[in-house]
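S.K.: Using only what follows, build the 3D model:
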Amino acid sequence: MKRILSLLIVIVCIGQSAGAYTERDLLQKSADTQKLREILIPNQAWVSYPDYTDRAGWDKLLGKWKTEYIAQGEKYLDYQWLHINATEYLAFERTGDRDGMQVPWYKNEGAFCSLLMAELAEGKGRFLDQIINGVFYYGEMTTWSLSAHVVMQPSGRALPVLGVDVFDLFAGDVGTIMSWTYHFLHNEFSKVDPEISRRLKYEIKHRVLDSFVNGPKMGWMIERYRPGMQIINWTSWCCKNALACYLLMENDPDRLVKGVYRSMQIMDKYINYFQEDGACEEGPSYWNASPGAMFDFLQFLSDATGGKINIFHEPIIRNMGEYISRAYVGNGWVVNFSDAPTHGGGSPALAYSFGKAVGSDELVSYGAFLAQERGGNAIATGSDITRVLRANKIRDEFEQLPANRILPATAWYPQTELCYMRDTKAGLTLAAKGGYFVGGHYHCDLGSFVLYQNNVPLFIDAGSGTYTRQYFLEEYRYKLRMITSDYHSTPTINGCTQGHGNNYKTAGVSFNAKSRKMDIDLTPAYPAEAMIQQWMRSYAMTAGTLKITDSFKLKEAKTPNEVNFLTWGNVQLVSPGLVSIEVQGESATLTYDAKMFKCEVEQVDMQDPKVGKAWDNSIHRIHLTALSTPLSGKYSFAIKAKK
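M.R.: Okay, the predicted model is just below:
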C-alpha cells in the first residue's frame, strides 16, 4: 500500500533530463583511496575553530556577535521539546499535509542550534542541560527524516519503521549538527555522565555513518548513472552532510577512507551532471542547497586534506558559483523559473566564501552587495552550523569589502538555454529561457520570460506552489495553473499547450550578445496535435524596449493561436493594441497588432494561497486570441518601459 509515495520521491530526485552527463570525475582524479589514506588529516586536527575551553579563542571568533548568541540561547532555557505524533507522519499519506510534522521539527532544530551557539559563546555550562535534553530527544526519535521522505523506506509508508534509517536531507542535517555538538562538547557531556557522549556517538554512527555506507541505497546516491537521469540538490546536500559526519566523528582510518571516498564518488556524479555553463536547473532558490552545498563539501575536503584535494580552480565550479549572482535581480527578487520562490538570493557569506575560493570578483562583490542590501552583515544564525561557524570566521574581512556589485550586461548559458539581458539606462532586466523538460521541479515554460524594471517584476512567472504530496503527482501537477504553459508567457498553438516529459524541449536556441537577441525554436515543446512545422520565438532588447516576435509555419490551422503574457498589479486595456501595466511605482506598456488579435485582460486565481500571497492576489493574464487562422505568419509585440 502506498508504494507510489516512495516512487514519487525518487522521481523528484531522479527525473528525466536532456542534459549532457560528462564524466569529469574531478575528485576521483585528485586522489584514489591510497592517496586519500595518506593525505587525510586524522583526529579532527584539521578543524580550525577553538576548542570549547579556549574562551579567548571563542571571544575572538564570535566578536561583536557573542552577546547576541547568548541572548538567543536564553530564549530556550525553559524550552519544552515538541513531540511529533504518529498521526502527523500519517497525515502525509492521508491528506498530503507536511506541515503538521515539519513545523515542530523545525522549531526543535532551531532551539537546539540556538542553545549550542549560546553555550559555545558563553562557555559556562548554563545551556548544557537543555542541550543534553535535545541530544536525548533526537536519540529517542524513530527517524530523523521528514514525513515526506520517510516514504522512501522499503514499506513505502509514512510512519517510520524502527531500525530503518532513511538518509534524507534532514537526517543529514541533524547528523551534522550532532557531529559538531559532539566535537565541541563531548568532554563536557562526559563530566555530567559518559552515557551522553556514548549515546550521541552511537546515534550518529548508526543513523548517518552506517546508513551512508551500508544502509538502504537512496536515489540521491546515484549507484549507477543512466542516461536521462536527473541529479538534483539531494545529492550535493546529503553528500555534504555525510562527509561532515565522517570527518568529525570517524577516527578509524579504514572506515574514514571508505566513507570519504564514497562521498567523493557520489559528488563527482553530481558535478558530472551539471552543464559546463554551471546554471542550476532547479532555479536560484536551490542554489544554497545545491551548488552551495557542493561548495561546503569541497571546502570540507580541502580543509581535511590540507588543501591537497582542491578543485576550486576548475571553470565549471566557478560557473556554478556565479550563477546566483546573475539570477539575482535586486531588492530580494530573483529570476524564479520552475519551482523557485519569488525572493531569495542565497547567503551573502556563502557567496563571498564561494567567490573567494574560486577567484571570482563578481561573486565576492555580490556577497558584499547582498549583505549591504539586507541592512548590513547580520549575525549568522540557522541550523547549518557549518555555515554559521564559517560566517564568523570571515566576518571581519567580509565587512571591510565595498558593496560595489560587479555584473555583466548579458549572461548566456548555452547548454541550459538561459539568457539574461540588462538595460541599465532604462532599468530593465530580462530573463528568457529555452530549455528542456526534466520533471521534478520543472514547469511547462519553454520560451517564456520575466521582465523587471528597477528591480520590480512587471512580466512574471507565478513560481512555486505549496509543496504537498499531490503537488508532485503527475496526474495532479500538470493541471496546476502555475505549472501549465497557458499561464506562462508562452503561445498556445492550435489549441495545444506545451507537453511534459523528456520528449518536450526546444529544437535549438541561440544568443547574439552584440545585437542583444535570443532566438528559440519551440517546435518540439508542443505535442504533435499542435501541427507545428516550425515556431520560432525571439527576444531583442534595445533602448528601453523589449521586442518579442513569434514566426511560425503550421501543417494545419485548426483553431486560432493564442499568446499569453502573465503580469500583476494594475493592468488595463487602454485601447485596442495597447495594454498598460503599473506595479509598485513602475510602469510599462505592451503593444500588439489590434488587427491580428482580440485582447482580454483577466485577473487570475492560481488556486494556491502561497502563490496568491507572493503576488498580492493581483496576478493578471493578458490573453491574445488571433482573429484569423493562417498557416504561416509573424506576431510582433513590444514592451516599453515608462519613466
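S.K.: going forward, measure contacts between C-alpha atoms and count neighbours the same way
M.R.: Fine.
S.K.: which regions of the protein sit below the pLDDT cut-off?
M.R.: Along the chain, the parts satisfying pLDDT under 70 run over 1-19, 437-440, 476.
S.K.: make it 80
M.R.: 1-20, 215-216, 227-228, 377, 437-442, 466-476, 478, 482, 643 (pLDDT under 80).
S.K.: Let me see the domain layout of it.
M.R.: Domain assignment of the chain by automatic domain parsing yields the ranges 1-18+48-220+228-265, 274-407, 410-642.
S.K.: Tabulate those domains (CSV), appending distance to residue 26.
M.R.: Below are those laid out as CSV (distance: least, Cα to Cα, whole Å):
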stretch, distance to residue 26
domain 1-18+48-220+228-265, 9
domain 274-407, 7
domain 410-642, 20
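S.K.: List the buried residues of stretch 582-602.
M.R.: Residues 582-583, 586-592, 597-599, 601 are the ones in stretch 582-602 that count as buried (16 or more other Cα atoms under 10 Å).
S.K.: how about the CA coordinates for that stretch, as PDB?
M.R.: Extracted C-alpha coordinates of stretch 582-602, given in PDB (Å, rounded to 0.1, in the frame of the first residue of the first chain):
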ATOM      1  CA  GLU A 582       1.600  49.600 -13.300                       C
ATOM      2  CA  VAL A 583       3.300  47.900 -10.200                       C
ATOM      3  CA  GLN A 584       4.800  49.500  -7.200                       C
ATOM      4  CA  GLY A 585       5.600  52.800  -8.900                       C
ATOM      5  CA  GLU A 586       6.900  51.200 -12.100                       C
ATOM      6  CA  SER A 587       5.000  51.100 -15.300                       C
ATOM      7  CA  ALA A 588       5.300  49.800 -18.900                       C
ATOM      8  CA  THR A 589       3.200  49.300 -21.900                       C
ATOM      9  CA  LEU A 590       2.600  46.200 -24.100                       C
ATOM     10  CA  THR A 591       1.700  46.900 -27.700                       C
ATOM     11  CA  TYR A 592       0.300  44.400 -30.200                       C
ATOM     12  CA  ASP A 593      -1.400  44.500 -33.600                       C
ATOM     13  CA  ALA A 594      -5.100  45.100 -32.900                       C
ATOM     14  CA  LYS A 595      -5.900  43.900 -36.500                       C
ATOM     15  CA  MET A 596      -4.400  40.500 -35.700                       C
ATOM     16  CA  PHE A 597      -5.600  39.900 -32.100                       C
ATOM     17  CA  LYS A 598      -8.500  40.200 -29.700                       C
ATOM     18  CA  CYS A 599      -7.300  41.100 -26.200                       C
ATOM     19  CA  GLU A 600      -8.700  40.100 -22.900                       C
ATOM     20  CA  VAL A 601      -7.200  41.100 -19.600                       C
ATOM     21  CA  GLU A 602      -8.200  38.700 -16.800                       C
END
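S.K.: what sits against residue 567?
M.R.: 458-460, 581, 619-622 (Cα atoms under 8 Å, 6 or more residues apart in numbering).
S.K.: can you give me phi and psi for it?
M.R.: phi -150, psi -170 (degrees, to the nearest 10).
S.K.: the helices in the stretch 101-250 of the chain, which residues?
M.R.: Shown for the stretch 101-250 of the chain, the helices assigned by DSSP state H, counting those that start in this stretch span residues 128-140, 147-150, 169-192, 194-204, 210-214, 233-249.
S.K.: quick one on the thing from earlier: buried subset of the contacts of residue 567?
M.R.: Here, 16+ other Cα under 10 Å leaves 458-460, 581, 619-622 buried among the contacts of residue 567.
S.K.: list the contacts for the residue positioned nearest the centre of the chain?
M.R.: For the chain, the residue nearest the mean C-alpha position is residue 286 (0.5 Å; Cα atoms, centre = their mean). Counting by Cα under 8 Å, 6+ apart, residue 286 touches 233, 280, 340.
S.K.: From residue 474, how far out is it?
M.R.: Applying Cα to Cα, to the nearest Å, the value for residue 286 to residue 474 is 22 Å.
S.K.: Residue 67 too?
M.R.: Distance from residue 67 to residue 474, counting by Cα to Cα: 50 Å.
S.K.: Ok, residue 398 next?
M.R.: According to Cα to Cα, residue 398 and residue 474 sit 45 Å apart.
S.K.: Comparing these two, which residue is more hemmed in?
M.R.: The neighbour comparison of residue 398 against residue 474 (other Cα atoms under 10 Å) goes to residue 398, with 21 against 13.
S.K.: you'd agree the more buried one is up against residue 350?
M.R.: No. Residue 398 is beyond contact range of residue 350, at 10.7 Å (criterion: Cα atoms under 8 Å).
S.K.: Determine how far stretch 381-399 lies from the middle of the whole chain.
M.R.: Distance, stretch centre to chain centre, for stretch 381-399: 20 Å (Cα atoms, centre = their mean, to the nearest Å).
S.K.: Tell me the buried residues in stretch 388-396?
M.R.: So stretch 388-396, judged by 16+ other Cα under 10 Å, has buried residues 388-393, 395.
S.K.: ok, now stretch 149-161?
M.R.: For stretch 149-161, the buried set under the neighbour-count rule, 16+ other Cα under 10 Å, comprises 149-153, 155-161.
S.K.: Name the member of those residues with the shortest distance to residue 130.
M.R.: Distance to residue 130 across the buried residues of stretch 149-161 (Cα to Cα) is lowest for residue 160, with 25.9 Å.
S.K.: What's the end-to-end length of stretch 524-544?
M.R.: Using Cα to Cα, the two ends of stretch 524-544 sit 32 Å apart.
S.K.: And that stretch, what's buried?
M.R.: Within stretch 524-544, the residues that count as buried by 16+ other Cα under 10 Å are 524-527, 530-532, 534-541, 544.
S.K.: if we can go back for a sec, including neighbour count and distance to residue 200, could the contacts of residue 286 go into TSV?
M.R.: TSV is the format used below for these (neighbours: other Cα atoms under 10 Å; distance: Cα to Cα, whole Å):
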residue	neighbour count	distance to residue 200
233	24	28
280	23	36
340	22	36
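S.K.: any chance you could map the helices in the stretch 251-400 of the chain?
M.R.: 253-273, 291-304, 315-327, 348-358, 361-373, 385-393, 395-399.
S.K.: Can you name the residues in contact with the fourth one?
M.R.: Pointing back at helix 348-358 there. Under the contact criterion Cα under 8 Å, 6+ apart, helix 348-358 has outside partners 292, 295, 312-313, 317-318, 321-322, 361-368, 370-371, 387, 391, 394, 398.
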